[in-house]
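1. What shape does this take:
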Amino acid sequence: MVAITGKSTSQQQQQSKARSSVFYIGMTLLVVAQGFWMMELTQQIFNTNGNINTDNNNMPITTLSYSEFDFIPKECHKYLVQDFPTLSNLLTLGKDSNMGSSGGEWSACTHIEKYGVNFAAFFARHLAFGLQPKSVLEFGCGLGTTSDYLARFVPNGGSKVVCIEPEPMLGEVLNVRQFPHRPLQLSMLSFAPEAQSCANALYSHSSSSSSSRNSKSSMQFDLVLSLEVAEHVPPEFQSQLIQRLAAATSKYLVFSAARPDQKGTGHLDESSKSRTWWIEHFEKEGLVYLPQLSRALRRVTATPERAYDLGKNLIAMGRVPAGVDIEEIPELAHDCLFYPKFNLNFRKMNGTMAKQYDDKEEQEYIAKHPEKQMPPYLTLEQPCPFPTDEQMEKRQLWVEGQTQALWPELDLLIRQVKSGQLKCSTT
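-> Prediction:
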């Protein structure tokens with residue numbers, strides 16, 4: 001051994017013991033350091049009485065890693081839903097499908113019994129893969145499916161999503177994952193006096209139209225989303241709603257509200273406006289109308305699943321320079337096999353096929369604003385052939401399968417309600 005290493009066995013043993021001593025000393029110091037760190041963290045979270053330290057809003061103060069409390073303003077912490085009720089919980093509280101029948105907030109039971117899931121899969125894909133928003137604010141979330149989809153499937157880790165919905169959403173949808181892989185919900189009546197501090201922090205600090213356009217919101221989102229909600233908001237709050245949604249928009253606003261005479265649960269006639277009315281009022285708040293993106297969302301990816309409402313009412317607005325008009329539809333959201341069956345005319349333009357829609361309101365808006373030089377057609381490089389009934393049936397089955405795969409617990413709930421096994425009404 002000495003001939004090979006030049007060291008005696010005794011010397012090697014001494015060196016080995018020394019290395020072992022250094023290793024154990026290092027490990028001991030590491031454990032002690034971790035112990036001091038845990039003691040310091042515990043002192044920050046708990047006071048001497050063993051209670052959790054809180055801030056002025058009675059919210060926990062911690063130095064834990066990035067969480068939902070870091071993402072929303074502190075004024076909104078008390079409205080953050082952390083434990084989502086199940087359907088049985090809602091019924092016990094008397095929040096059944098009769099809520100919202102005369103306007104105002106709905107319960108999850110109202111959504112399930114009146115409309116089911118009502119999820120437009122290709123539309124959600126268009127938002128996720130076409131706009132790729134890193135942050136989303138949805139005003140009026142329903143069952144939370146669109147927000148949940150964006151939180152999970154926007155490329156590169158999903159989107160950070162905040163939902164504004166007065167009634168807590170279903171635990172069957174949102175108790176499954178944790179933020180940021182599910183939306184945050186603020187359960188509040190946005191226009192109530194007690195919610196103004198949160199609303200001012202989340203949207204704009206100004207209530208006047210002119211100054212709102214020149215102020216910067218405390219929070220801004222890549223995508224602000226509100227689908228078929230504004231018709232439930234009393235008319236005295238509509239100007240405030242428009243200002244807030246516009247102020248929160250850093251890139252895109254995708255908006256849809258019931259048109260006059262559109263039938264639906266809890267619609268307020270005086271709050272139902274035309275698509276052009278909404279466009280012009282959002283333009284007054286500094287946003288610009290995006291005709292190509294609006295047409296693509298409205299008539300290609302939201303149709304036929306939501307043809308009755310989104311297919312007629314939806315608009316896309318942008319904040320320049322970030323929110324630019326987009327003609328291209330992601331292949332994930334536009335498959336010729338499932339193309340909607342609508343009376344679309346084709347016209348050759350610049351070597352591509354353009355789709356001309358029988359949309360009188362759109363043509364009137366273009367004629368009213370010639371200075372904007374808006375393209376009259378939605379151009380697609382690969383227009384789809386007219387689908388067969390068999391192709392349409394395949395699409396319907398595929399969309400249903402998507403919903404069942406994405407939210408199996410919700411799918412089971414809806415099947416139980418439809419079969420009468422569960423009652424969404426207490427009357």
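2. for the stretch 151-300 of the chain, what spans make up the helices?
-> Under the criterion DSSP state H, counting those that start in this stretch, the stretch 151-300 of the chain contains helices at 171-174, 196-202, 209-213, 238-247, 275-283, 291-296.
3. Now do the following helix or strand past the last one: everything it contacts.
-> The element immediately downstream of helix 291-296 (helix or strand, assigned by DSSP states H and E) is helix 310-313. Here helix 310-313 makes contact (Cβ atoms under 8 Å, 6 or more residues apart in numbering) with 120, 123, 227-228, 256-259, 262, 275, 297-299, 302-304. In short, each C-beta sits where N, CA and C put it, glycine included.
4. Can you add distance to residue 79 and give the helices of the stretch 151-300 of the chain back as TSV?
-> Output for the helices of the stretch 151-300 of the chain, formatted as TSV (distance: least, Cβ to Cβ, whole Å):
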stretch	distance to residue 79
helix 171-174	15
helix 196-202	6
helix 209-213	22
helix 238-247	15
helix 275-283	26
helix 291-296	32
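5. could those helices go into JSON lines alongside mean neighbour count and distance to residue 161?
-> Below are the helices of the stretch 151-300 of the chain laid out as JSON lines (neighbours: other Cβ atoms under 10 Å; distance: least, Cβ to Cβ, whole Å):
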{"stretch": "helix 171-174", "mean neighbour count": "22", "distance to residue 161": "11"}
{"stretch": "helix 196-202", "mean neighbour count": "19", "distance to residue 161": "13"}
{"stretch": "helix 209-213", "mean neighbour count": "15", "distance to residue 161": "24"}
{"stretch": "helix 238-247", "mean neighbour count": "22", "distance to residue 161": "15"}
{"stretch": "helix 275-283", "mean neighbour count": "18", "distance to residue 161": "21"}
{"stretch": "helix 291-296", "mean neighbour count": "23", "distance to residue 161": "20"}
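6. Next, work out how far apart the closest residue to residue 318 other than its chain neighbours and residue 319 are.
-> With sequence-adjacent residues excluded and distances taken as Cβ to Cβ, 6 or more residues apart in numbering, residue 318 is closest to residue 290, at 5.0 Å. Separation of residue 290 from residue 319 (Cβ to Cβ, to the nearest Å) stands at 10 Å.
7. any idea which of the contacts of helix 310-313 is the one closest to residue 144?
-> Nearest to residue 144 out of the contacts of helix 310-313 is residue 227 (Cβ to Cβ; 12.1 Å).
8. Enumerate every residue touching the closest residue to that closest one other than its chain neighbours.
-> In space, and not counting its chain neighbours, residue 227 is closest to residue 256: 4.9 Å by Cβ to Cβ, 6+ apart. Counting by Cβ under 8 Å, 6+ apart, residue 256 touches 226, 227, 228, 309, 310, 313, 314, 315.
9. re earlier: which of the helices of the stretch 151-300 of the chain has the lowest average pLDDT?
-> Lowest mean pLDDT within the helices of the stretch 151-300 of the chain: helix 209-213, a mean of 37.
10. Can you report how many residues lie near residue 411?
-> If you count neighbours by other Cβ atoms under 10 Å, residue 411 ends up with 18.
11. do the same with the one 5 residues further on
-> Applying other Cβ under 10 Å, we find 15 residues neighbouring residue 416.
12. mind checking how far it is from residue 272?
-> Distance from residue 416 to residue 272, by Cβ to Cβ: 33 Å.
13. again with residue 84
-> From residue 84 to residue 272 the distance is 31 Å (Cβ to Cβ).
14. which stretches of the protein form strands?
-> 135-139, 160-164, 184-186, 221-227, 249-256, 288-289, 315-318, 345-349, 352-356, 378-380 (DSSP state E).
15. these two touch, right, the residue nearest to residue 318 and residue 316?
-> Yes - Residue 290 is within contact range of residue 316, at 4.5 Å (criterion: Cβ atoms under 8 Å).
16. Show me which of those two is the more surrounded one.
-> The neighbour count for residue 290 versus residue 316, taken as other Cβ under 10 Å, is higher for residue 316 (27 against 22).
17. what's that one in contact with, if anything?
-> 252, 253, 254, 255, 289, 290, 293, 294, 297.
18. What sits closest to the second one if chain neighbours are left out?
-> In this structure, residue 253 finds its nearest non-sequential neighbour in residue 317, 4.2 Å apart by Cβ to Cβ, 6+ apart.
19. about what we covered before: out of the helices of the stretch 151-300 of the chain, flag the one nearest residue 267.
-> Closest approach to residue 267 among these (Cβ to Cβ): helix 238-247, 13.7 Å.
20. Can you pull out the low-pLDDT segments for this structure?
-> Applying pLDDT under 70 to the chain picks out residues 1-66, 94, 96-106, 204-218, 335-358, 379-387, 425-427.
21. re the thing from before, give me every residue that touches the residue nearest to residue 318.
-> With Cβ under 8 Å, 6+ apart, residue 290 has these contacts: 252, 316, 317, 318, 323, 324, 325, 326.
22. how about the residues you listed in TSV, adding distance to residue 403?
-> Listed next are the contacts of residue 290 as TSV, based on distance: Cβ to Cβ, whole Å:
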residue	distance to residue 403
252	25
316	24
317	28
318	30
323	30
324	32
325	30
326	26
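23. Check the residues you listed and tell me the two furthest apart.
-> The largest separation in those, counting by Cβ to Cβ, is between 317 and 326 at 12.7 Å.
24. In terms of neighbours, single out the busier of those two.
-> Taking other Cβ under 10 Å, residue 317 and residue 326 do not tie; residue 317 has more neighbours (26 against 18).
25. wait, which of the contacts of residue 290 is closest to residue 332?
-> Of the contacts of residue 290, the one sitting nearest to residue 332 (Cβ to Cβ) turns out to be residue 326, at 14.4 Å.
26. Next one: the closest residue to that closest one other than its chain neighbours from residue 331, what distance?
-> Spatially, and ignoring its direct neighbours in sequence, residue 326 is nearest to residue 293 (4.8 Å; Cβ to Cβ, 6+ apart). Per Cβ to Cβ, residue 293 is found 16 Å from residue 331.
27. And residue 411, by the same measure?
-> Following Cβ to Cβ, the distance that separates residue 411 from residue 331 is 27 Å.
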